[in-house]
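> Structure of the sequence below:
(2 chains)
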2 protein chains.
Amino acid sequence: MTAAPKFDAIKAARARIAGHVRRTPVLISESLNDELGAQLHFKCENLQLSGAFKARGAFNAVLNLPPAQAARGVVTHSSGNHGAALALAARSRGISAYVVAPRTTPASKQQNMRRYGATLQLCEPTLLARQAAAEQLVAETGATLIHPFDNADVMAGQGTVTLELLEQVTGVDALVCPIGGGGLISGTAVAAHGIDARIKVLGAEPKGADDAWRSQRAGVITPVAQPSSLADGLLATVAPSTFEIIRTQVHAVGTVSEEEIVAAMRRIWDELRILIEPSSAVPVAALLNGALVVKGLRVGIVLTGGNVDLHRLPWGPG
Amino acid sequence: MTAAPKFDAIKAARARIAGHVRRTPVLISESLNDELGAQLHFKCENLQLSGAFKARGAFNAVLNLPPAQAARGVVTHSSGNHGAALALAARSRGISAYVVAPRTTPASKQQNMRRYGATLQLCEPTLLARQAAAEQLVAETGATLIHPFDNADVMAGQGTVTLELLEQVTGVDALVCPIGGGGLISGTAVAAHGIDARIKVLGAEPKGADDAWRSQRAGVITPVAQPSSLADGLLATVAPSTFEIIRTQVHAVGTVSEEEIVAAMRRIWDELRILIEPSSAVPVAALLNGALVVKGLRVGIVLTGGNVDLHRLPWGPG
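Got it, this is the predicted structure:
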């Protein structure tokens, strides 16, 4: 089983990826602050290289490979953002990246992966199909599998978002991020509690892919049979490594409807004037629908990515 | 005639508006750098309060009014962004803002003005109608006219974009911004040359509202009879005060077609993952179409605003 990263591994990740990834800005919205009675600070990882926080974990994992192993390349399966980030990190080291992605991956995310030089292989949109295709690629190429979340280097890299955010914003009481496979929230929790054990770590999920919510209630990993949501980055199921952190260090998981995701996405575009993808809107939706309560708190919210098809926005022309 | 601001007035403006406006981030795009063979730094005033750089000039002008005069309120005419910024600045001082705007102003910009508390009066979309309505409001209310660009405090406030940018990015060779009435480029030129006389200041305009380009060639202000462009913030004609600076301190003005504006706007959304309005895309379009040449240079580009109707994007659904 993959071990969860320690706080020191997150600090080491930060030093390793410095100069390779961006320090992203933090934005605020007076209107959302007024509405929620809180001080919200949006960490804009949609403005990160490759358009998502995934660049952090991918660079940390790729840069940490010994040279001989790195030379054989890297493999992953991804709904899009981790694949693009891994391709970018691999290119910076001059090695190959093979990415398996479900054929339902949005066109913009497929383009993004190819643009950074990924060798892209589409598969059926199931976890089993993804894993089987990735394993076959590993067998054929000798490349190293860099799992999108069930990997300690990846989780440690994702934790660097929080190290940065807690330098940019002082006195944070709570952090909110979305949960897909759980890599981001795991890195977030370990980083936050390494700095201040009192920080509340809150997660958010679409109702159509609420495996972390169900698992936390049941005390055991409880997959959703057919996960489905506009938030295409959040369909994965938590792994034992990430669930262990969610179970012990995440204070609450809130769930949101598809309509709430679209409304929150639109609201962020309007208020902050940045592009975020549906997955990034999920934490905002969970604050707006009351599933997560942060009244009176200073809150950091990770806006995870901005890879959307501009021709297919989830609101109509009228 | 309005006097152009001196460099010291821009430094004073910066001190005056500190704490009232945002220090906006600077973003880069490796892909655009590669394409243009330059180092481009985008100053994101679309992320400024009120969604445009106009907050800087408006706060400087409003905060500089003596109390008795301020108490009677402020008036302006605006295509939208200056009106919203003036309303925001007036609200922060607890005074009234009356704004005249053409009835063709995009819905999002009308909402933006009302949201900050402007008393909005729509008029015919001509300069004469705007001026007449504003003068009548001044006569009726005793409020002070804060012209959107032909005002030294406004120009000085706009110049603070450049003071910030030249701190955030060192060794800048050239600055590029759009030209409407010329307030931004005037403040930009005075600020830039106050710091380093060698910095090239470049302007960009839609071909359908290219009065600065025509005026610079003719050596005298040459209005366009019926200015028309998607870049609704750039339809005004330069004033004697701004043209004097353009004539003497702006190295080149480039013009762009409507199609080039849409393509550049889309490109920035895709590459930087931020919302910019058509007017903000004009300088980018002038670099991409070759009207302005910056090869080999370190360049600062002001992205002026992000107030767009998300239901009416200038590209189709497919």
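> Roughly how far does residue A:14 sit from chain B?
Using C-beta to the nearest C-beta, to the nearest Å, residue A:14 is found at 20 Å from chain B. Yep, even glycine has a C-beta here, placed from its N, CA and C like the rest.
> Now the stretch 151-300 of chain A against chain B: closest residue?
With C-beta to the nearest C-beta, the shortest gap between the stretch 151-300 of chain A and chain B falls at residue A:273, namely 3.6 Å.
> ok, that residue touching residue B:272?
No - between residue A:273 and residue B:272 there is no contact under C-beta atoms under 8 Å: 11.2 Å.
> Against residue A:127, how distant is the residue of the stretch 151-300 of chain A closest to chain B?
Residue A:273 is 36 Å from residue A:127, where distance means C-beta to C-beta, to the nearest Å.
> Quick check: residues of the stretch 51-200 of chain A near chain B?
With C-beta under 8 Å from any C-beta of the partner chain as the criterion, the stretch 51-200 of chain A comes near chain B at residues residue A:51.
> Name the residue of the stretch 51-200 of chain A with the shortest distance to chain B.
Counting by C-beta to the nearest C-beta, the stretch 51-200 of chain A gets nearest chain B through residue A:51, at 5.9 Å.
> Can you get me a residue count around the nearest residue to that residue once chain neighbours are set aside?
Once flanking residues are discounted, residue A:51 sits nearest to residue A:307: 4.5 Å by C-beta to C-beta, 6 or more residues apart in numbering or on different chains. By the criterion of other C-beta atoms under 10 Å in any protein chain shown, residue A:307 has 28 neighbours.
> Tell me the helix or strand right after the helix ranked longest in chain A.
Taking DSSP state H as the criterion, chain A has its longest helix at helix A:152-168. Sequence order places strand A:174-178 as the next helix or strand after helix A:152-168, per DSSP states H and E.
> Other residues contacting that following strand?
Identification of contacts with strand A:174-178 by C-beta atoms under 8 Å, 6 or more residues apart in numbering or on different chains yields A:162, A:165, A:184-185, A:188, A:192, A:199-205, A:231, A:233-234, A:279-280, A:282-283, A:286-287, A:292, A:294, A:297-302, A:304.
> the strands in chain A, which residues?
Under the criterion DSSP state E, chain A carries strands at the ranges A:26-27, A:39-44, A:74-77, A:97-102, A:119-123, A:144-145, A:174-178, A:200-206, A:252-256, A:298-303.
> okay if I get those as a markdown table plus mean pLDDT?
Shown next, in a markdown table, are the strands of chain A (pLDDT from 0 to 100):
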| stretch | mean pLDDT |
| --- | --- |
| strand A:26-27 | 97 |
| strand A:39-44 | 98 |
| strand A:74-77 | 97 |
| strand A:97-102 | 96 |
| strand A:119-123 | 96 |
| strand A:144-145 | 98 |
| strand A:174-178 | 98 |
| strand A:200-206 | 98 |
| strand A:252-256 | 98 |
| strand A:298-303 | 98 |
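> out of the ones you listed, nearest to residue B:23?
Counting by C-beta to C-beta, residue B:23 lies closest to strand A:26-27 out of the strands of chain A; the figure is 11.4 Å.
> now the closest one, how far from the centre of its chain.
18 Å (C-alpha atoms, centre = their mean, to the nearest Å).
> Does at least one residue of it sit close to chain B?
Yes - Strand A:26-27 is in contact with chain B by C-beta under 8 Å from any C-beta, via residue A:27.
> Quick check, central residue of chain A?
residue A:184 (4.9 Å; C-alpha atoms, centre = their mean).
> for the residue nearest to residue A:51, what are its contacts?
Here residue A:307 is in contact with A:51, A:52, A:80, A:81, A:84, A:106, A:108, A:109, A:112, A:277, B:273 (C-beta under 8 Å, 6+ apart).
> In those residues, which has the lowest confidence score?
Ranked by pLDDT, these bottom out at residue A:108, which has 86.
> what's the neighbour count on the closest residue to it other than its chain neighbours?
Nearest non-adjacent residue to residue A:108, counting by C-beta to C-beta, 6+ apart: residue A:309, 4.6 Å away. For residue A:309, the count of nearby residues is 13 (other C-beta under 10 Å).
> didn't residue A:309 look like it was pressed against residue A:105?
No - taking contacts as C-beta under 8 Å, residue A:309 lies outside contact range of residue A:105: 10.7 Å.
> And for residue A:193, the neighbour number?
Residue A:193 has 17 neighbouring residues, counting by other C-beta under 10 Å.
> Can you tell me how far it is from residue A:24?
For residue A:193, the distance to residue A:24 equals 22 Å [C-beta to C-beta].
> Which neighbouring elements make contact with the longest helix of chain A?
Under the contact criterion of 3 or more C-beta pairs under 8 Å, 6 or more residues apart in numbering or on different chains; DSSP states H and E, helix A:152-168 touches helix A:7-17, strand A:39-44, helix A:54-63, helix A:183-195, helix A:240-249, strand A:298-303.
> Deepest in the core, which of these is it.
Compared across the helices and strands packed on helix A:152-168, helix A:54-63 shows the largest average neighbour count, a mean of 30 (mean count of other C-beta atoms under 10 Å in any protein chain shown).
> what angle separates that one from helix A:183-195?
Using axes from the mean of the first three to the mean of the last three C-alpha atoms, to 10 degrees, the inter-axis angle of helix A:54-63 relative to helix A:183-195 is 80 degrees.
> what's the distance between helix A:54-63 and the middle of its chain?
The chain centre lies 12 Å from the centre of helix A:54-63; the measure is C-alpha atoms, centre = their mean.
> so that helix versus strand A:97-102, what angle?
Relative orientation of helix A:54-63 and strand A:97-102, computed by the same axes, to 10 degrees: 140 degrees.
> hmm, who's touching helix A:54-63?
By C-beta under 8 Å, 6+ apart, the list of residues contacting helix A:54-63 from outside reads A:13, A:16-17, A:20-21, A:48-50, A:70, A:74, A:81-82, A:84-86, A:88-90, A:92-93, A:95, A:146, A:148, A:151, A:153-158, A:160-161, A:183, A:187, A:305.
> Filter those residues down to the buried ones, ChimeraX style.
Entered in ChimeraX, the line below selects the buried ones among the contacts of helix A:54-63, by 16 or more other C-beta atoms under 10 Å in any protein chain shown:
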select /A:13,16,17,20,21,48,49,50,70,74,81,82,84,85,86,88,89,90,93,95,146,148,151,153,154,155,156,157,158,160,161,183,187,305
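> nearest spatial neighbour of residue A:72, skipping sequence neighbours?
Take residue A:72 and drop its neighbours on the chain: the residue closest to it by C-beta to C-beta, 6+ apart is residue A:142, 4.3 Å away.
> ditto for residue A:90
In space, residue A:90 is closest to residue A:97, 3.8 Å off (C-beta to C-beta, 6+ apart).
> now swap in residue A:187 and tell me
In space, residue A:187 is closest to residue A:159, 3.0 Å off (C-beta to C-beta, 6+ apart).
> Check whether the one you found really touches residue A:185, as I assumed.
No - Residue A:159 lies out of contact with residue A:185 (C-beta under 8 Å); the separation is 9.9 Å.
> any low-confidence regions in chain A?
For chain A, the stretches with pLDDT under 70 are A:317-318.
> What are the structural domain limits within it?
A:7-52+A:151-303, A:55-145 (automatic domain parsing).
> Pipe these into TSV and attach distance to residue B:178 per row.
Below are these laid out as TSV (distance: least, C-beta to C-beta, whole Å):
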stretch	distance to residue B:178
domain A:7-52+A:151-303	17
domain A:55-145	28
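> could you check the distance from the closest residue to residue A:154 other than its chain neighbours over to residue A:245?
Among residues not flanking residue A:154 along the chain, residue A:57 sits closest, at 3.6 Å (C-beta to C-beta, 6+ apart). Remark: distance between residue A:57 and residue A:245 (C-beta to C-beta) = 15 Å.
> Give me the distance from the longest helix of chain A to the chain's centre.
11 Å.
> Contact residues of the stretch 201-318 of chain A facing chain B?
Going by C-beta under 8 Å from any C-beta, the residues of the stretch 201-318 of chain A near chain B are A:266, A:269-270, A:272-275, A:306-307, A:310-313, A:315-318.
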